[in-house]
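**Student:** Sequence plus predicted model, see below.
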Amino acid sequence: MTNKYRVDRVTNAAVPYGMNSIRYLGDDWNVARALFERIPTGLDAWDQPNAAYGVVLSVWDETKRDYVVKCQKGLS
C-alpha cells in the first residue's frame, strides 16, 4: 500500500523523485496539512537558505499511480 500524502521541499511545483526532499510521507491528512503550513519556504532539502525553494503537499492518485501536487507555497 502506498502512503496517501507527501510533503516536500522543492524548486518547482512537481513531485520530486528523490528522498532528500521529503518532510512527511504518511496517511494522515491533518498531519500532512499542518506540517505543510508550518514548514518555512526558502530552505533547501538540507535546511540551508535558498530562495528558490518552496513546499508542496501531494496526494497519491491511484489511477495515475503517482503523486499529484494539491498545495504549494513559496514558488514563483
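**Tutor:** Nice, thanks for sending it over.
**Student:** Low-confidence regions, the chain specifically.
**Tutor:** Filtered on pLDDT under 70, the chain yields the residue ranges 1.
**Student:** one more time with 80
**Tutor:** Applying pLDDT under 80 to the chain picks out residues 1-2.
**Student:** Point me to the residue sitting farthest from the middle of it.
**Tutor:** residue 63 (19.9 Å; C-alpha atoms, centre = their mean).
**Student:** tell me which element that one falls in.
**Tutor:** Using DSSP states H and E, residue 63 sits within no helix or strand.
**Student:** Helices of this protein, start to end?
**Tutor:** 29-38 (DSSP state H).
**Student:** Residue 45 and residue 9 touch, don't they?
**Tutor:** Yes. With contact defined as C-beta atoms under 8 Å, residue 45 reaches residue 9; the gap is 5.1 Å. C-betas here are computed from N, CA, C, even on glycine.
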